[in-house]
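# model this:
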Amino acid sequence: MVTVASQFKLILLPLLAITLLFLPLLQATATDFKYCDDEGSYVVKVDGVNISPNPVVRGKPATFNISASTGQAISGGKAVIDVSFLGLHIHQEKHELCEETSCPIAVGDFVLSHNQVLPGFTPPGSYKLKMTISGEGIQQLTCITFDFKIVFGASGYSVSDS
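Residues are numbered from 1 along each chain as shown. Next up, the predicted model:
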C-alpha cells in the first residue's frame with residue numbers, strides 16, 4: 001500500500017539531491033577573462049575563472065579557481081598576480097606554481113586554486129587582476145586578466161562576523 005508519506009519521499013529526495021548538486025554553483029560565479037596577448041600562443045589554455053564569493057567581501061575568505069589545460073607536462077614554475085585599483089598598480093604576489101596546484105602538472109585539465117583573505121581596510125570597488133604563469137626557465141605559459149569587485153559586506157554576513 002502506497003502512503004502519502006512514501007510518495008512525498010519519492011518526490012522530496014530527488015529534489016533535495018538536485019538542490020545539493022547545484023548549491024556550489026550559487027556561491028561561485030564564472031568571471032569573464034581576457035588573454036594578455038590575443039595573438040599569443042600559450043601552452044596553458046584557460047577555460048574559466050570562478051570567484052567565490054563574488055563579489056569578494058573584504059575581511060572574509062575568497063577563493064579564485066582558474067580552470068585550465070595544457071598540451072605539455074609542467075614540472076613547476078611561478079604564478080605572478082598583479083592587482084590594480086582605479087588604474088593604479090597596488091599589489092603584487094609571487095607564488096610557486098606547485099603551491100597553487102598539484103605538481104607535476106600532467107597533459108590535460110587542471111585547476112589553479114588561490115585562497116585569500118583581503119584585509120578589512122581594503123577599499124570597496126572594481127579591481128583588475130593580471131595573472132602570469134611562467135614555467136621553469138622563465139617561459140611564459142599563459143597570461144590572463146579579469147575584473148572583480150570587493151564590497152563592504154554581503155547578505156549572510158553580520159557585523160559580528162567582522
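# helix, strand or coil for the closest residue to Lys34 other than its chain neighbours?
Closest residue in space to Lys34, ignoring its immediate chain neighbours: Thr145 at 5.4 Å, by Cβ to Cβ, 6 or more residues apart in numbering. Yep, even glycine has a C-beta here, placed from its N, CA and C like the rest. At Thr145 the chain is in strand, as set by DSSP: H, G, I helix; E, B strand; the rest coil.
# ok, Thr145 touching Lys128?
Yes. Here Thr145 reaches Lys128: they are 6.1 Å apart, a contact under Cβ atoms under 8 Å.
# if we can go back for a sec, beta partners for the residue nearest to Lys34?
As for beta bridges, Thr145 partners with Lys34, Lys130 under DSSP bridges.
# who touches it in this structure?
Thr145 sits next to 33-34, 36, 128-131 when contact means Cβ atoms under 8 Å, 6 or more residues apart in numbering.
# look up how far Asn115 lies from it.
Distance from Thr145 to Asn115, counting by Cβ to Cβ, to the nearest Å: 20 Å.
# just for the chain, where's the confidence low?
1-29, 138, 154-162 (pLDDT under 70).
# how about the strands in it?
Counting by DSSP state E, the chain has strands at residues 29-31, 34-35, 44-52, 56-57, 61-70, 77-85, 88-96, 108-117, 125-135, 140-151.
# possible to save the ones you listed as JSON lines with distance to Ser102?
Formatted as JSON lines, those follow (distance: least, Cβ to Cβ, whole Å):
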{"stretch": "strand 29-31", "distance to Ser102": "23"}
{"stretch": "strand 34-35", "distance to Ser102": "24"}
{"stretch": "strand 44-52", "distance to Ser102": "15"}
{"stretch": "strand 56-57", "distance to Ser102": "25"}
{"stretch": "strand 61-70", "distance to Ser102": "13"}
{"stretch": "strand 77-85", "distance to Ser102": "13"}
{"stretch": "strand 88-96", "distance to Ser102": "12"}
{"stretch": "strand 108-117", "distance to Ser102": "8"}
{"stretch": "strand 125-135", "distance to Ser102": "15"}
{"stretch": "strand 140-151", "distance to Ser102": "16"}
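# out of these, which one sits most buried?
Greatest average neighbour count among those goes to strand 56-57 (a mean of 24), per mean count of other Cβ atoms under 10 Å.
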